[in-house]
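**Q** Show me the folded form of this:
(one chain, ligands or ions: 1)
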Amino acid sequence: MSTPPAAPAAPQSGPGASAPVASPDAGVDTHCPYCALQCGMTLRPGPGGPEVVERPAFPVNRGALCGKGRTSAEVLSSAVRLTGPLVRGADGDLAPASWDEALDRVAAGLLRVRAAHGRDAVGVFGGGGLTNEKAYALGKFARVVLRTSQIDYNGRFCMSSAAVAHQRAFGLDRGLPFPLADIGATGCVILVGSNLADTMPPALRYLTELKRNGGTLIVVDPRRTRTAEQADLHLQPRPGTDLALALGLLHLVVAEGRTDADFVAARTTGWERTLPGVMAHWPELVERITGVPVPQLRRAVALFCDAPESMVLTARGPEQQAKGTDTVSAWINLCLATGRAGRPLSGYGCLTGQGNGQGGREHGQKADQLPGYRKLDDPAARAHVAAVWGVDPDGLPGPGRSAYELLDALGRDVRALLLMGSNPVVSAPRARHVAERIAALDFLAVCDVVLSETAALADVVLPVTQWAEETGTTTNLEGRVILRRKAVDPPPGVRTDLEVLGALAERLGHDKGFPADPEEVFDELRRASAGGPADYSGISYARIAAEDGVFWPCPQDSAERTPDGEPAGTPRLFLDRFATPDGRARFTPVQHRPAAEEPTPDFPYYLTTGRVLSQYQSGAQTRRVRELNEAAPGPFVQLHPRLADRLGVADGEPLAVTSRRGRAVAPARVSPAIRPDTVFMPFHWPGEGSANTLTNPALDPASRMPEFKVCAVRVEKA
Ligand code: SF4
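**A** Presented below is the predicted three-dimensional model:
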């Protein structure tokens, strides 16, 4: 299965390739395959294959790339790349097969299960890294071809709590309601549970600009990360107590008379109902819950409120909790009560994680959703999208299970699965159980670029193209829709996900409606999204190419026009009104509650999980890049020196970490940067050191987000 280095692609025809650069010698302008920053880069031919070069003109990263982006071309020519379909034979092994044979097997497997057990026995699982076109086509495939309600995606594990909190406060979910550049110009930023220095290093420059302009940075994190080291104030709460922390800060805001009464009266609703819960969280109580001393709480309020403008940015720390939605709501309440929303340089934002974490949650691969961020249970939304798809709205299935619930139902209610762009054997909570559920399926088909741990369990593996081998759009964490251009030809033997969906649809009786041309899919997506909350109707490939990104919402019939007469995008939301029926932002009354699992004598410590600088998500790509693997070769358990002393363990010695779901073993990494009651493990690896063997699938009641960020564990010398 070795793959020759990919050759540079011929310049594409059509508007998507027209600007800014598309000469084969100069290279092709595109974007990084990994995180939600979607850094601009140029791929150009080099002696050993395509090379990544900086592209300073792209405004988000201005040329800067982290090691993952800089080495991303290596995955294009990786020797472990899949280059032909694999089909499991009677001997139980995966063996090479022709595309026709593999696609026939997939169609037959899905049909067989549907005939025996009904439509909802066939499931679909997508990913937050899929392009907008793929996410859209996958959702349409599930609802129109398979007619199943059982579709969700791994983005449920990333941004869903912030999405629900956004919608209930502002009536619209776009991660950042302002461009990243605004961060550098505000007065104070509270960064909650984000380690930008490791997860998206080029974004650090916005924090540097903030400080250079006299602004202040407050970081909330149980660990003193490289990001926290740059803060003016680092609050180090117990895992799972961010909600109490936000309530405590808001209590002090009220007690010190720092609320913005005019803003609250003119632009919000619900303050009176919210206030009692806030006042029940007095500073000393919050100190007891969080471990953050009262003087630090007071200093945080002073920094936040003394600044002329300020922001709160959250990431997975507060969001990946069984109360993640309420936690984010508590931080939004802080912004609303102080008038730090709906005006320039102030507000709340979520730092989305996955490459298309924003667009991937807008166009129909979520269990309850239709394209354009429409709701599947809204009759008007069903009628609009069904008309675009040329189907009867009554034939569209209703909402299905959320991601973990879907995975948990495999082999029972859901007996066949088509999986695209995800590796849940490594990335899902309670991962060993998830692997068992996957193994219990009657039929599994996986589309991937490498033989991931999940693909290795499949009955059929379909090798597909990846980022620089195909054109498509993604939507970065700012809501900026960008064009990832095809820059190299794929290895012979692989097909695009869109081609795979089209071929499967044809075999399942739908010979129309699933084009392989991404621009054609995008044009249909534009029509399907028109009039919806995430309206892309005024965005085209040609415009993205010419403008290097267009912010949604961008309705075709917008009264706001660009100097060229095009419908204007919306870099800054909510300046005049929020997207609620009455135009006002909504406070949400929330109360602190403990984590689903608090430490007990049997499991006396907190485990929290996260990412490291040189790996990305389940590591399916980055673990195959030599330089990244050398920098971050495997899992570890970070623990405080006092805890290490108590356990009698030295740096580098193997530690066993046990939760109620399993046991993982990894070397100790002793560091004063973590709380003594907490251990940290990165989650990029399978096997003995897999952090997600331990994590808790307790779900947030509103977002169905699992509680990755906190569970109770026992730690012992292995
Ligand atoms: S910060 Fe994210 S998008 Fe930018 S180069 Fe690194 S992984 Fe890629």
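
**Q** could you point out which element follows the longest strand seen in the chain?
**A** Ranked by residue count and defined by DSSP state E, the top strand of the chain is strand 662-670. Next in sequence after strand 662-670, counting helices and strands by DSSP states H and E, comes strand 678-682.

**Q** so that following strand versus strand 662-670, what angle?
**A** With axes from the mean of the first three to the mean of the last three C-alpha atoms, to 10 degrees defining the directions, strand 678-682 sits at 100 degrees from strand 662-670.

**Q** elements contacting the helix or strand that strand 678-682 is followed by?
**A** Next helix or strand after strand 678-682 toward the C-terminus (DSSP H and E): strand 696-699. Counting contacts by 3 or more C-beta pairs under 8 Å, 6 or more residues apart in numbering; DSSP states H and E, strand 696-699 packs against helix 403-408, strand 706-707. Quick note: C-beta positions are derived from backbone N, CA and C, even for glycine.

**Q** partners of strand 696-699 in the sheet?
**A** strand 706-707 (antiparallel) (DSSP bridges).

**Q** What residues does the closest residue to residue 598 other than its chain neighbours make contact with?
**A** Spatial nearest neighbour of residue 598, excluding adjacent residues (C-beta to C-beta, 6 or more residues apart in numbering): residue 712 at 6.3 Å. Contact partners of residue 712, counting by C-beta atoms under 8 Å, 6 or more residues apart in numbering, are 597-600, 603-607, 659-660.

**Q** re earlier: the longest strand of the chain: how far from the chain's middle?
**A** Its chain's average C-alpha position is 26 Å from that of strand 662-670, according to C-alpha atoms, centre = their mean, to the nearest Å.

**Q** Which elements pack onto it?
**A** strand 637-639, helix 641-647, strand 654-659.

**Q** Return the residues of this structure in contact with the ligand.
**A** When proximity is defined as C-beta under 6 Å from any ligand atom, the chain approaches the ligand at 32, 34-35, 37-39, 61, 65-66, 68-69, 200-202.

**Q** ok, back up a step: give the partner strands of the longest strand of the chain in its sheet and their orientations.
**A** strand 637-639 (parallel), strand 654-659 (antiparallel).

**Q** circling back: now rank the contacts of residue 712 by neighbours and give me the top one.
**A** Most neighbours among these, by other C-beta atoms under 10 Å: residue 607, with 29 neighbours.

**Q** Over to that one. Which of the three states is it?
**A** strand (DSSP: H, G, I helix; E, B strand; the rest coil).

**Q** Show the backbone phi and psi for the residue in the stretch 401-550 of the chain that the ligand sits nearest to.
**A** Using C-beta to the nearest ligand atom, the closest approach of the stretch 401-550 of the chain to the ligand is made by residue 476 at 8.4 Å. When read as degrees, to the nearest 10, the backbone of residue 476 gives phi -80, psi -180.

**Q** Next, the contact list for it, please.
**A** Contacts of residue 476 (C-beta under 8 Å, 6+ apart): 36-38, 60, 352, 358, 482, 549.

**Q** Out of these, which two sit at the greatest distance?
**A** 352 and 549 (15.0 Å; C-beta to C-beta).

**Q** Against residue 602, how distant is the closest residue to residue 717 other than its chain neighbours?
**A** Leaving out its chain neighbours, the residue that sits closest to residue 717 by C-beta to C-beta, 6+ apart is residue 649, at 5.1 Å. Separation of residue 649 from residue 602 (C-beta to C-beta, to the nearest Å): 19 Å.

**Q** So what's the residue count around the nearest residue to residue 280 once chain neighbours are set aside?
**A** Computed as C-beta to C-beta, 6+ apart, the closest residue to residue 280 that is not its neighbour in sequence is residue 591, at 7.5 Å. Close neighbours of residue 591, defined as other C-beta under 10 Å, add up to 15.

**Q** Next: residue 294.
**A** The number of residues near residue 294, taken as other C-beta under 10 Å, comes to 14.

**Q** Roughly how far does it sit from the ligand?
**A** According to C-beta to the nearest ligand atom, to the nearest Å, residue 294 stands 37 Å off from the ligand.

**Q** ok, residue 352 and residue 549, which is more surrounded?
**A** residue 352 (33 against 26).

**Q** so residue 313 bridges to which residues?
**A** residue 191, residue 349.

**Q** same check, this time on residue 219
**A** residue 191, residue 234.

**Q** Likewise for residue 707?
**A** In beta-bridge terms (that is, DSSP bridges), residue 707 pairs with residue 696.

**Q** tell me the contacts of it?
**A** Taking C-beta under 8 Å, 6+ apart, one finds 240, 320-322, 324, 429, 595-597, 695-700 in contact with residue 707.

**Q** which of these lies closest to the ligand?
**A** residue 320 (19.0 Å).

**Q** May I have the residues that are in contact with that closest one?
**A** Contacts of residue 320 by C-beta under 8 Å, 6+ apart are 157-158, 161, 705-709.

**Q** So what does it have for phi and psi?
**A** Torsion angles, degrees, to the nearest 10, at residue 320: phi -90, psi 60.

**Q** Let me have the contacts of residue 320 in TSV, extended by pLDDT.
**A** Listed next are the contacts of residue 320 as TSV, based on pLDDT from 0 to 100:
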residue	pLDDT
157	93
158	87
161	95
705	95
706	96
707	97
708	96
709	96
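
**Q** Please indicate which of those has the highest neighbour count?
**A** residue 705 (32 neighbours).

**Q** hang on, the earlier thing: any idea whether the residue nearest to residue 598 is helix, strand or coil?
**A** Assignment for residue 712 (three-state DSSP): strand.

**Q** for it, which residues make a bridge with it?
**A** With DSSP bridges as the criterion, residue 712 is bridged to residue 606.

**Q** Find the nearest non-adjacent residue to residue 337, please.
**A** Nearest to residue 337 is residue 259, by C-beta to C-beta, 6+ apart, at 4.9 Å.

**Q** Quick check: residue 590 touching residue 334?
**A** No: assessed by C-beta atoms under 8 Å, residue 590 is found out of contact with residue 334, at 11.1 Å.

**Q** pLDDT wise, what is the residue lying closest to residue 402 once chain neighbours are set aside at?
**A** In this structure, residue 402 finds its nearest non-sequential neighbour in residue 704, 3.4 Å apart by C-beta to C-beta, 6+ apart. What the model reports as pLDDT for residue 704 is 97.
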